[in-house]
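**Q** structure of the sequence below:
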Amino acid sequence: MAYPREIFLDQDTEKRLSSYLDDELYIHYGERGQWMDDLLRHQKDYWAKPSQETATFPFKGAATIIIPLTAIAVEAVHARVMTTLFALPQIVSASPIDPKWSSAARPVERALDKELKIMKFRDVIDSSLLECEKFGNGIGKIGYEREVRSVIRTLEDGTEQEVDVVTRQGSNVCATSVGRFLLPFYSQDPQSSPWVGEEHSRSPFEVLQLERSGLFRPGTFDKLKEWIQLQDQDNRFEKGQQDLEKTAPAFPKKIDWVEMWVSFNVDGNPEGKLHEIVCHYHKESRTFMSVRYNWHDDLRRPYRLAKYFPVEHRWRAIGICKKNEQFQKEVTTQHRQRLDNATLANLRMFKIHKNSGYGPKEPLFPGKMWFLDDMEHVDSIQLGEIYPSAYNNEQATLTYSQQRTGVNETTLGMPQAGTPGTATSDLARIQEGNKKFDYIYQNISSFINDLITDTACCMQQFGPRNIEYYDRAEGGDLVKQFFSLPNSSIRDGLVIELGRAGTKKNEILDRQNWVQVAGLLQQYFTGALQLIQITGNQQLMSAVAQQGLVSATEAIEQILESYNIRNVDRITLRKLLESLNLMATPGPQNGGPQSNQNSGSFAGGTSGLVQSGQNAGMGNFNQIIQALGSTNSNRSTQLQIPPGSV
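**A** Reported below is the predicted structural model:
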């Protein structure tokens, strides 16, 4: 589908809107100046580049090295976060809330995984998480994109024709730079703020493409031609990073504008309601490149904030750069002093009596012989002394840094300094050290969960990036039914709860867990049958055997599902048990989704186990024995298997 329709405001309304945006942006740019300076300083600390290559004070050639404590901590935490989040191929975990929809949980999980991988979710969100760890905040954005490009095609009759090709369409994920993110400091959440937005800077070619794709109004590029700026007018944060990297482009031409999600009274009535609108606004020319109503069904704004370590009642959080700022400076200063002291301590100067006969250019070399009239005519001068306390002070500061950031030799996989401790003490230290990381990881997980839910809502509203998925993928019709539900049912997780695949929610660990559970079930039911055999109660033995078949069938189906094996119901005893009315499956009569494909145990899933527990549980032996065809307690049970059930 194309972009949502634009709204064309009258001249007075556009003037009111531009005045409101100009005032708000002017105030915000004034309040964020010091914050931008902090970001630039923190980025410089992370980059750890000396201000000068050769020092001239306190002597020429003094140490200029910067100890990159911030970079060490950031890279260790970032590698740990990314490995924990994306070490396994599975990204999304779907947990059925409504048992009638348990058959659709795994297909929905795979569909969202496919969508996120097409969007290159991991690669894009990597930048947001890195900024979160460095500066305290990371901003992710889930929206809709559509790109149209033109090409000349040769038809069958040999004629050429211009064809518009939709190269990208559907949900997309963006990592918004903290230096470009716009949110007033008095607000705490982008969803409840009067406005939120971001700065954009694109090349003229990209702006023209966005106009042809329908994002901007026709004629926008022609209006903004004269406002093309050079790079020195670009974002100050990004320009500072380019200066550190020495990667500033040569004479790039850019067009700058802001994207604003605003609550604004479009009608102009003093008592009128505020409307949720989205506008792309060029500040210098006061030109609206596009204005639309908020097109999301739940009127959400697409920006999601990740917080590393929060500050109370503020949306701005604390990152590793801020935590390590003073310690990096102190360790760097102490390390330089120690190097300079060692350099001076290893230097020797000579004092020579002016009447000794030696000049200022006298060569020095080992084994040189000095012929003196007086033994005190030539002597050496030592410029410094080595003090062991300098190293101790540096180690003490390093300990404070590790305590603040939570990154130490254990986190880095390095051997413990000093006398090694016992294995028990090391394990206790690791467990205590993980508490801070677990807290930070929970904050990041909440951020990822919000992005996953926003992606599902975009798929519900705009469809998947490739509609053909519904017809080709296993369980595609169940996925289609799920995304046909109301937006609120998907967002609030009323049917299926969506989230990231964590340490307890991924196929590989599910497989390992269910293999262990299957062994426990076997021991449990085998032991139960042995105990019941002593009592001689054949009815109880038949009931336990029936429940054991149901439990074992469910366990083996869970294991086979984790291997993504198709037609699981043809491998297990499910069809046999269903034919005997001992293992029910949800269907249209129960209000659940109906699949036309053989999707294995997705046709029953855990819901079948719930229903079997109700119909064939331990407390309802009479129905079980009757279903099994038992005649009396003294004769063995005979199973009547209908023809063609296997």
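
**Q** residue 5 contacts residue 290, correct?
**A** No: judged on CB atoms under 8 Å, residue 5 makes no contact with residue 290 at a distance of 10.5 Å. C-beta: built from backbone N, CA, C; applies to glycine.

**Q** looking at those two, which one has more neighbours?
**A** residue 290 (21 against 10; other CB atoms under 10 Å).

**Q** could you pull out the helices for the stretch 351-500 of the chain?
**A** 389-405, 423-462, 469-472, 476-482, 487-491 (DSSP state H, counting those that start in this stretch).

**Q** show me what the fourth one is packed up against.
**A** The reference is to helix 476-482. helix 102-118, helix 469-472 (3 or more CB pairs under 8 Å, 6 or more residues apart in numbering; DSSP states H and E).

**Q** least confident of those helices, on average?
**A** Of all the helices and strands packed on helix 476-482, the minimum mean pLDDT falls on helix 469-472 (a mean of 88).

**Q** so residue 141, which state does it fall into?
**A** Under the three-state scheme (DSSP: H, G, I helix; E, B strand; the rest coil), residue 141 adopts strand.

**Q** winner for burial among the helices of the stretch 351-500 of the chain?
**A** helix 476-482 (a mean of 22; mean count of other CB atoms under 10 Å).

**Q** got the buried residues for stretch 77-95?
**A** 77-78, 80-81, 84-86, 88, 90-94 (16 or more other CB atoms under 10 Å).

**Q** can you find the helix or strand of this protein with the lowest average pLDDT?
**A** In the chain, no helix or strand scores lower on mean pLDDT, DSSP states H and E than helix 605-615, which sits at a mean of 35.

**Q** re the thing from before, got the helices and strands packed on helix 476-482 as a markdown table, with distance to residue 440 columns?
**A** As requested, the helices and strands packed on helix 476-482 are exported to a markdown table (distance: least, CB to CB, whole Å):
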| stretch | distance to residue 440 |
| --- | --- |
| helix 102-118 | 22 |
| helix 469-472 | 35 |
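
**Q** which stretch among these comes nearest residue 321?
**A** helix 102-118 (29.1 Å; CB to CB).

**Q** just the angle for the closest one relative to helix 423-462, thanks.
**A** Orientation note: helix 102-118 sits at an angle of 90 degrees relative to helix 423-462 (axes from the mean of the first three to the mean of the last three CA atoms, to 10 degrees).

**Q** by contact count, what packs against helix 102-118?
**A** With contacts defined as 3+ CB pairs under 8 Å, 6+ apart, the packing partners of helix 102-118 are strand 92-96, strand 160-176, helix 423-462, helix 476-482, strand 496-500, helix 605-615.

**Q** mind putting these into a markdown table with distance to residue 331?
**A** Formatted as a markdown table, the helices and strands packed on helix 102-118 follow (distance: least, CB to CB, whole Å):
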| stretch | distance to residue 331 |
| --- | --- |
| strand 92-96 | 42 |
| strand 160-176 | 31 |
| helix 423-462 | 21 |
| helix 476-482 | 54 |
| strand 496-500 | 36 |
| helix 605-615 | 54 |
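
**Q** relative to its centroid, which residue of this protein is most remote?
**A** Within the chain, residue 373 marks the point farthest from the mean C-alpha position, 79.4 Å out by CA atoms, centre = their mean.

**Q** could I get the pLDDT score of it?
**A** pLDDT, read off for residue 373, is 76.

**Q** try residue 383
**A** 68.

**Q** next one: the one 3 residues further on
**A** The confidence metric pLDDT takes the value 70 at residue 386.

**Q** before we move on, what about the one 10 residues further on?
**A** In this model, residue 396 is scored at 88, pLDDT.

**Q** sorry, back to before: between the helices and strands packed on helix 102-118, which gets nearest to residue 59?
**A** Residue 59 lies closest, by CB to CB, to one member of the helices and strands packed on helix 102-118: helix 423-462, at 41.9 Å.

**Q** how far out from the middle of the chain is that closest one?
**A** 9 Å (CA atoms, centre = their mean, to the nearest Å).

**Q** let's have the chain start at 32 instead
**A** Taking 32 as the first residue, the last one we looked at is helix 454-493.

**Q** next, the angle strand 527-531 makes with it.
**A** Going by the same axes, to 10 degrees, helix 454-493 makes 130 degrees with strand 527-531.

**Q** ok, the residue nearest to residue 510 when sequence neighbours are not counted - how many residues close by?
**A** Counting by CB to CB, 6 or more residues apart in numbering, residue 510 lies nearest to residue 142, which is 4.5 Å off, once chain neighbours are set aside. Residue 142 has 26 neighbours, counted by other CB under 10 Å.

**Q** residue 445 now?
**A** When neighbours are defined as other CB under 10 Å, residue 445 has 9 of them.

**Q** how near is it to residue 373?
**A** Shown here: residue 445 relative to residue 373, a distance of 24 Å by CB to CB, to the nearest Å.

**Q** low-confidence ranges in the stretch 282-431 of the chain?
**A** Applying pLDDT under 70 to the stretch 282-431 of the chain flags residues 282, 414-415, 421.

**Q** strands along that one, start to end?
**A** 284-295, 306-313, 318-324, 334-338, 379-383, 409-413 (DSSP state E, counting those that start in this stretch).
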